[in-house]
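J.: fold the following and give me the result.
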Amino acid sequence: MDELNLPRDFIKNVHNAFDEEGVQFIANLPKLIEEARQRWELSDIRPVPNLSYNFVAFAKRGEEEIMLKIGVPDPELVSEMTALKLFKGDGSCRLLDCDENRGFLLLERLNPGTMLSELADDDQRTHIAMDVMQKTILSRGEVTSPLLNKFIKLTTWFDALKKIRPLFNGGTGPFPKKILEHVESFLSDAWDDHAQSPHLLHGDFHHFNILLSERGWLVIDPKGVIGPAGYEIGPLMINPWNSISDRSSFKAQTERRVSIISERLGWEREFIINWATAHAVLSSWWDLQPDGTGGEYSLRCAEIFSEIK
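T.: From the prediction side, this is the model:
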């Protein structure tokens, strides 16, 4: 391939997310790409234009078009590989080969690769998302040991919300007290219900991770998370990102989504709204900056969700 010119934002993301390991990863990336090229006899390796936290590139193996993904070897990357193995291409991109220790993934190329976010009709988008969710998540049984240890625990993500009050000297800072208390109460019951039936979730199920292929609409980039199935609609409900053009239209769109999801999955409206709100609060926490700013969009979503009956 040509000389590797990595976007500055990609380098910054990797450095910030993985500290010294990230610095070393960026320094070693040309050698890692060459190692993967030789290992799988790849050619025409071309990085995608929107690199974020992993190196992802179009490539060819003989005449076959594939995707190469290289990341910092960590538990999240291993959980992604394991999830793709279990999905077996049913509703998801196929994992062709991988190496947990090297952080290498060889993936099916999805053509034409249209993202669900590119469709204009939100009702149509929501129905397609439900089709894909039923294939990847809801048609599967419980995950049992020893595979459980290969995945991220959803409880670990939400445990981070326990840091809010200590951070704000017993208060809730930018998080509305009523909404945070409601989420905390809901999650307490959700974990009790989940204890007997651990499910494998995509964990980042939204419009930019659902792509059109010759095999239909498929998910890419699963996080591989163990938790209650209801969480899966959380990322979907706040995406496409920054989609609140005005409060009333977003609320009307949300109400239609809740109705479609309830009809398609048989879930109670309150259950759907609670998980949407819980994820929105968690998303806001993830985006919170040291100076107390950030996460405003997700909190706006949470406030609107909390108004829907």
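
J.: strands of the protein, residue ranges please.
T.: If DSSP state E is used as the criterion, the strands of the chain fall at 42-47, 55-61, 64-70, 95-99, 104-108, 152-153, 199-201, 210-213, 216-219, 225-227.

J.: what's the least confident stretch among these?
T.: Lowest mean pLDDT within those: strand 199-201, at a mean of 89.

J.: so what strands line up beside that strand?
T.: strand 225-227 (antiparallel) (DSSP bridges).

J.: distance from the chain centre to the partner strand, please.
T.: Distance of strand 225-227 from its chain centroid, counting by C-alpha atoms, centre = their mean, to the nearest Å, is 12 Å.

J.: what does that strand rub up against?
T.: If you take C-beta atoms under 8 Å, 6 or more residues apart in numbering as the criterion, strand 225-227 is touched by 79, 143, 148, 151-155, 157, 194, 198-203, 231. (C-beta placed from N, C-alpha, C; glycine too.)

J.: what do you get for stretch 158-167?
T.: With contacts defined as C-beta under 8 Å, 6+ apart, stretch 158-167 is touched by 171-173, 175, 180, 183-184, 187, 278, 281-282, 285-286.

J.: and for stretch 82-100?
T.: Contacts of stretch 82-100 (C-beta under 8 Å, 6+ apart): 40, 66-67, 73, 77-78, 81, 104-108, 110, 132-136, 139-140, 143, 147, 150-151, 200, 202, 211, 213, 215, 218-220, 222-224.

J.: sorry, back to before: buried ones among the contacts of strand 225-227?
T.: 79, 143, 151-152, 154, 157, 194, 198-203, 231 (16 or more other C-beta atoms under 10 Å).

J.: among the contacts of stretch 158-167, name the buried ones.
T.: 173, 175, 180, 183, 187, 278, 281-282, 285.

J.: farthest-separated two in those residues?
T.: Pairwise distances across those peak at 18.7 Å for 173 and 187 (criterion: C-beta to C-beta).

J.: with respect to residue 252, which of the strands of the chain lies nearest?
T.: That would be strand 210-213 among the strands of the chain, by C-beta to C-beta, at 22.4 Å.

J.: and residue 124, how far from residue 257?
T.: 12 Å (C-beta to C-beta, to the nearest Å).

J.: go on, residue 283?
T.: From residue 283 to residue 257 the distance is 16 Å (C-beta to C-beta).

J.: now, which of the contacts of strand 225-227 lie within helices?
T.: Among the contacts of strand 225-227, the ones falling in helices (DSSP state H) are 79, 154-155, 157, 194.

J.: a markdown table for those, including pLDDT and distance to residue 261?
T.: Formatted as a markdown table, the ones in helices among the contacts of strand 225-227 follow (pLDDT from 0 to 100; distance: C-beta to C-beta, whole Å):
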| residue | pLDDT | distance to residue 261 |
| --- | --- | --- |
| 79 | 95 | 25 |
| 154 | 95 | 19 |
| 155 | 94 | 23 |
| 157 | 97 | 21 |
| 194 | 56 | 19 |
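
J.: let me see the domain layout of this structure.
T.: 8-108, 116-307 (automatic domain parsing).

J.: which of these has the lowest mean pLDDT?
T.: Among the domains of the chain, domain 116-307 carries the lowest mean pLDDT (a mean of 92).

J.: next, the distance between the ends of that one.
T.: With C-alpha to C-alpha, to the nearest Å applied, domain 116-307 spans 27 Å between its terminal residues.

J.: how about stretch 49-59?
T.: For stretch 49-59, the end-to-end distance is 14 Å (C-alpha to C-alpha).
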